[in-house]
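Participant: Predicted structure and sequence below. I'll ask about it afterward.
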Amino acid sequence: MMTEVTPHAHKQPLLEVKRLSVDYVDPSQPPAQALRDLTFTLHRGEALGVVGESGCGKSTLMLALMRLLPAAGRIVGGSVRLDDIELLALSEREMAALRWKRLAMIFQGAMNALNPVRTVGDQIAEAIRLHEDASDARALDRRVGELLDLVGIAASRRNQYPFQYSGGMRQRAMIAMALACSPDIVIADEPTTALDVMIQAQILQLLADLRRQLNLSILLVTHDLGIVAELCDRVLVMYGGALAEYAGVDAIYNAPAHPYTQELLKAFPDPTRPLQRLASIPGSPPRLNDLPPGCRFAPRCPQVFDRCHLTPPRVYAITSDHLASCFLVETQQTRGARHE
Amino acid sequence: MNEPLLRVRGLRKLFPVGRRALGRAPDQFVHAVDDVGLDLAAGEALALVGESGCGKSTLALTLLGLETATAGSIHFEGNDLAAAPASVWKAARRHIQMIFQDPYESLNPLMTVGEIVAEPLHVHKLAPNAAERRRRSVAALEDAGLKPAEHFLARFPHELSGGQRQRVAIAAALVLEPRLLVADEPVSMLDVSIRAEILNLLADLKMRRSIAVLFITHDLGTVSAVADRIAVMYLGRIVEMGTVQEVMTAPRHPYTQALLSVVPAPNPRLRRQHIILQGETPDPVKLPTGCRFHPRCPVAVERCRTIDPPLQTIGGTQAAACIRLDEA
Amino acid sequence: METTAAGYRGVWARLRRNPMGMIGLIMLVVAIGVAVLAPWISPYDPHAVTRVNILDIYQPPSPAHWFGTDDAGRDVLSNFLYGARVSLTVGFFASFISVTVGGLIGISAGFLGGRTEGILMRFTDIMLVIPDLPLAVVIVALTKPSLTNIILVIGLLGWTGTARLVRAQTLSVKQRKFVVRARAIGAGNSYIIRRHIFPLVLPLIVVNTVLVISLAILNESTLSFLGLGDPATLSWGQMLNYAFTRGAMSAGAWWALVVPGFGIVWVVLSCTLLGQGLEQALNPRLTTHHLAADRTLKNLPRWELEPTPVEQAGNV
């Protein structure tokens, strides 16, 4: 009954990731399974939130998509198609040419990602120069001005250094840098962590505006369910390097099927209900080089039953665009079928 | 009404800026904390909310005696600490303990959990012997939710998870049986799934042990899990104060309203109209005239440029510092 | 230098895996062994009163004298073995003085800050810009050139580098939150220095000590070579001095120069290698990920393997 269902099946997705798996190898230990059989799609203009705790594989996913995994990281299976290009089959040269032009990234921690001894304008210009013909210095300069303007920084501040920028402006500069070569997809890694709430709101609004203006696809990688609810259309919840749940934003928040999603939501404070007590998920995520034999969430799951400890659940479809990797979905479906 | 555990009045902390000319007093100051007053009763938790640079952390450090107040009084159990000699401070510090933001940085990597938790006993020479120190450390660790405590005593901080480290920090604060716990962003570095544990632990300690908690945070979302009352700070001043219910459901100061409106709600159906303040907090050296908030205030009028509004009671226990309160 | 979270446990294990550091350690142990065992392994007693025959002077290597004889007809090998005692004694004692003085000044300046720091660091700067060697020459020349004086002069002139390093490390440790926490608990300065600052500055001091030893030995050799050594002892520097001033060159007696020179190089090299090895062993983050047993994993991202469920700002 269950096949892998692609949401928006009628449209050709911009980015299609199928059964992507990544290991970190260590000669003295079993490999760490940082990513297992991850499948999802990203359409043009769509904002997808990738949510999970640290160690859930979201950073690995991001680096694997950019093909920027560290030396120990190995892509051991799957495919990543951007339009009709198989990214995993590209040579490093071809990938380098495509990076930033089609697929750009906003790094976490803008202070560390900017070079402190070069002006912001110069660093944005560099991103363009590396990927496009930039022989016309005046055009390049104009483009830098436009980019800064686009992210709400006065173009006159291009000749300032990162330390002269506030935290929010540095993050804006990082976004300008990501947009330098007009990419189709921007991967934003915790773009608002370490920022104050008001600055966070400014940055989120900027991302939402840019997305509308430029028809950008955004992959928002974060642990913050709140900003995902604000910005995203669809959500991919990851746990222990695998897909836990993948659905539209409304389904994730109002009809979550995976116990992990449910628990995560209970742990998140809701400012509209100030006096509620928060729930926490006891225990900690599994070690990726010592995964449980069954479901990765089983040791912490409040709804666990015997079968969960024995075999890992596959990905079940609740509706055509609501996927969850939990036996409960199957149980409910068989029960539903019996009733019919 | 009884004397509260902590009564702060007119507290001011200024930091001189720039190079001091020879023999001349500095003429420019960072107004980190500027005329702040607050009360905190035993067993009560007050959340101090504001963006970075609003002075909330300086206020905490001043309450702990790690910064000296420029002016004002800090009455703790009736004694004015702001004017007190070092000996009174040392005695008071036993009763005022602090939990820091970063559980990775606030524990000495070379000390075991047992040593870290017993350290305050050592410093204050409170436990006569090793057995007593151990007994009290174990009790504190269990109170902080690390059970069985014996299992943790010999371990090093790097062997623990972030949540466990923060519990160790809490245990080290509890071991002195403090009356006031100052928690500076205790969960902002932790994963969402374990934030609730730490917040609930603080709430329990407040309730069961009647410890007063000063909970410092920039995140209004986490406030209600711990706090009874909220004080919102902007540029060194408290601009609004009231119970959690009052402030979270009916904020009166335009800054509080904006701050509350941008807290992301964990549900797309609750997407609200955001009041996004443009720009950033002004330079605390060159303060705006009149109301400090007026350059960014969405409802500022001409009078706001000249009148510096005091914190005035609105009704109930809520108070706000805005001249347009009556109009709203 | 960042101190490892793992503490000092495992330092030995890491040092053992560091080939250069181990070579340095073995070389140093051999040198110390030679110095200690000199009376038993030397074929001749260099202090013995002998009648010098003109034919015994600058004899080339032979079965009787493996490394020949010197200008006074003494066995170069025996001189060399005994010379290790002098060189190492000066090295250890002088560096002990340097590191103690430098460590105290560095920690005080870094921790106390303010005016104390200003005064201490200006003093350090002044000592740093005065060229050590000419000053040492002047002082030793003015005082009696005894072994004690040489140790004192080298030790008291050689602490500036240590002071500056230790101050920098103290400043960085002082910023760390657990020091603020200790203060919040109510701990005083001396307690904080003992319990929180010193243990984290110690690795740097250990590494620095090993390097200062080699500097002290070089300085002693230089002073002795310039004829300012203790005439009652025979260090490698003095052997060079005698050989140089008493015609070893013109007599073609290369062994009288090469052997003590080899000793100096041996010890200085051993200290340098050991120092580098210790630095890496005390700070494994220089080379490997702390969870990985193997060096190939040095680029492993922390957030993927670490089981601790923590989201930290800036972990990429």
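Facilitator: Sure, I can see it. Residues are numbered from 1 along each chain as shown, chains lettered A, B, ... in the order given.
Participant: tell me the secondary structure for residue A:219?
Facilitator: strand (DSSP: H, G, I helix; E, B strand; the rest coil).
Participant: whoops, residue B:272 was the one
Facilitator: Secondary structure for residue B:272, judged by three-state DSSP, is coil.
Participant: In space, what's closest to it - neighbours in sequence excluded?
Facilitator: Nearest in space to residue B:272, with sequence neighbours left out and distances taken as Cβ to Cβ, 6 or more residues apart in numbering or on different chains, is residue B:261 at 6.0 Å. In short, each C-beta sits where N, CA and C put it, glycine included.
Participant: For the one you found, give its distance to residue B:271.
Facilitator: Using Cβ to Cβ, to the nearest Å, residue B:261 is found at 11 Å from residue B:271.
Participant: and what of residue C:171?
Facilitator: Taking Cβ to Cβ, one finds residue C:171 at 47 Å from residue B:271.
Participant: just residue B:265 next, same as before
Facilitator: 7 Å.
Participant: So between the two, which is more surrounded?
Facilitator: Regarding residue B:265 and residue B:271, a neighbour count based on other Cβ atoms under 10 Å in any protein chain shown identifies residue B:265 as having more, with 21 against 13.
Participant: Give me the helices and strands touching whichever strand or helix holds residue C:208, please.
Facilitator: Using DSSP states H and E, the element containing residue C:208 is helix C:198-225. Judged by 3 or more Cβ pairs under 8 Å, 6 or more residues apart in numbering or on different chains; DSSP states H and E, helix C:198-225 is in contact with helix C:76-112, helix C:132-142, helix C:147-157, helix C:160-174, helix C:236-245, helix C:255-282.
Participant: any idea how far residue A:191 is from residue A:173?
Facilitator: Between residue A:173 and residue A:191 the distance is 12 Å, computed by Cβ to Cβ.
Participant: Neighbours of residue 242, how many?
Facilitator: Since you didn't name a chain, this refers to chain A. 23.
Participant: nope, chain B please
Facilitator: 25.
Participant: partner residues bridging it?
Facilitator: Beta-bridge pairing for residue B:242 (DSSP bridges): residue B:230.
Participant: show me the contacts for it.
Facilitator: Going by Cβ atoms under 8 Å, 6 or more residues apart in numbering or on different chains, residue B:242 touches B:229-230, B:314, B:316-319.
Participant: ok, 7 Å please
Facilitator: B:229-230, B:317-319 (Cβ atoms under 7 Å, 6 or more residues apart in numbering or on different chains).
Participant: Most neighbours among these, which one?
Facilitator: Of the contacts of residue B:242, with other Cβ under 10 Å as the count, residue B:230 tops at 28 neighbours.
Participant: what's around the residue of the stretch 1-150 of chain C found nearest chain A, how many residues?
Facilitator: Closest contact between the stretch 1-150 of chain C and chain A, by Cβ to the nearest Cβ, is at residue C:17 (12.4 Å). Neighbourhood size, residue C:17 [other Cβ under 10 Å]: 16.
Participant: how near is it to residue C:281?
Facilitator: 8 Å.
Participant: which residues in the stretch 201-340 of chain A form strands?
Facilitator: A:217-222, A:234-239, A:242-248, A:316-319, A:322-324 (DSSP state E, counting those that start in this stretch).
Participant: As a markdown table, these with mean pLDDT and distance to residue A:228 would be great.
Facilitator: Formatted as a markdown table, these follow (pLDDT from 0 to 100; distance: least, Cβ to Cβ, whole Å):
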| stretch | mean pLDDT | distance to residue A:228 |
| --- | --- | --- |
| strand A:217-222 | 94 | 6 |
| strand A:234-239 | 95 | 6 |
| strand A:242-248 | 95 | 12 |
| strand A:316-319 | 92 | 19 |
| strand A:322-324 | 94 | 16 |
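Participant: Now do the same contact list for residue B:205.
Facilitator: Contacts for residue B:205 (Cβ under 7 Å, 6+ apart) come out as residue B:211.
Participant: mind checking which helix or strand it is in?
Facilitator: helix B:192-209.
Participant: SS state for residue B:326?
Facilitator: When classified by three-state DSSP, residue B:326 comes out as coil.
Participant: and the gap between the residue of the stretch 101-250 of chain B found nearest chain C and residue C:89?
Facilitator: Closest residue of the stretch 101-250 of chain B to chain C, Cβ to the nearest Cβ: residue B:162 (3.2 Å). Look at residue B:162 and residue C:89: by Cβ to Cβ, they are 51 Å apart.
Participant: Spell out which parts of the stretch 1-150 of chain B neighbour chain C.
Facilitator: Proximity of the stretch 1-150 of chain B to chain C, by Cβ under 7 Å from any Cβ of the partner chain, involves residues B:64, B:66, B:90, B:93-94, B:97-98, B:100, B:102, B:105-110, B:119-120, B:123-124.
Participant: Quick one: buried ones out of those residues?
Facilitator: Among the residues of the stretch 1-150 of chain B next to chain C, those classed as buried by 16 or more other Cβ atoms under 10 Å in any protein chain shown are B:64, B:90, B:93-94, B:97-98, B:100, B:102, B:105-110, B:119-120, B:123-124.
Participant: Can you flag which of these belong to strands?
Facilitator: If you go by DSSP state E, those have B:97-98 in strands.
Participant: As JSON lines, the helices and strands packed on helix C:198-225 with distance to chain B and mean pLDDT would be great.
Facilitator: Listed next are those as JSON lines, based on distance: least, Cβ to the nearest Cβ, whole Å; pLDDT from 0 to 100:
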{"stretch": "helix C:76-112", "distance to chain B": "15", "mean pLDDT": "91"}
{"stretch": "helix C:132-142", "distance to chain B": "34", "mean pLDDT": "85"}
{"stretch": "helix C:147-157", "distance to chain B": "29", "mean pLDDT": "89"}
{"stretch": "helix C:160-174", "distance to chain B": "10", "mean pLDDT": "91"}
{"stretch": "helix C:236-245", "distance to chain B": "39", "mean pLDDT": "85"}
{"stretch": "helix C:255-282", "distance to chain B": "12", "mean pLDDT": "88"}
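Participant: got TSV for those, with distance to residue B:209 and mean neighbour count too?
Facilitator: Output for those, formatted as TSV (distance: least, Cβ to Cβ, whole Å; neighbours: other Cβ atoms under 10 Å in any protein chain shown):
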stretch	distance to residue B:209	mean neighbour count
helix C:76-112	35	23
helix C:132-142	61	15
helix C:147-157	56	21
helix C:160-174	33	21
helix C:236-245	69	23
helix C:255-282	42	21
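Participant: Near residue B:295, how many other residues are there?
Facilitator: Neighbours around residue B:295, by other Cβ under 10 Å: 16.
Participant: what's the answer for residue C:180, then?
Facilitator: 19.
Participant: so which helix or strand takes in it?
Facilitator: Short version, using DSSP H and E: residue C:180 is in helix C:177-185.
Participant: Can you list the helices and strands that that helix packs against?
Facilitator: Judged by 3 or more Cβ pairs under 7 Å, 6 or more residues apart in numbering or on different chains; DSSP states H and E, helix C:177-185 is in contact with helix B:113-123, helix C:189-192.
Participant: okay, those helices in TSV with mean pLDDT next?
Facilitator: Formatted as TSV, the helices and strands packed on helix C:177-185 follow (pLDDT from 0 to 100):
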stretch	mean pLDDT
helix B:113-123	92
helix C:189-192	90
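Participant: just the helices in the stretch 151-300 of chain B please.
Facilitator: All helices of the stretch 151-300 of chain B, identified by DSSP state H, counting those that start in this stretch, fall at B:162-174, B:192-209, B:220-223, B:244-249, B:254-261.
Participant: what's the closest of those to residue B:7?
Facilitator: Among those, the nearest to residue B:7 by Cβ to Cβ is helix B:192-209 (18.5 Å).
Participant: quick revisit: which among the strands of the stretch 201-340 of chain A is found nearest to residue B:293?
Facilitator: strand A:217-222 (29.9 Å).
Participant: Which residues are in contact with residue C:212?
Facilitator: C:95, C:98-99, C:158, C:162.
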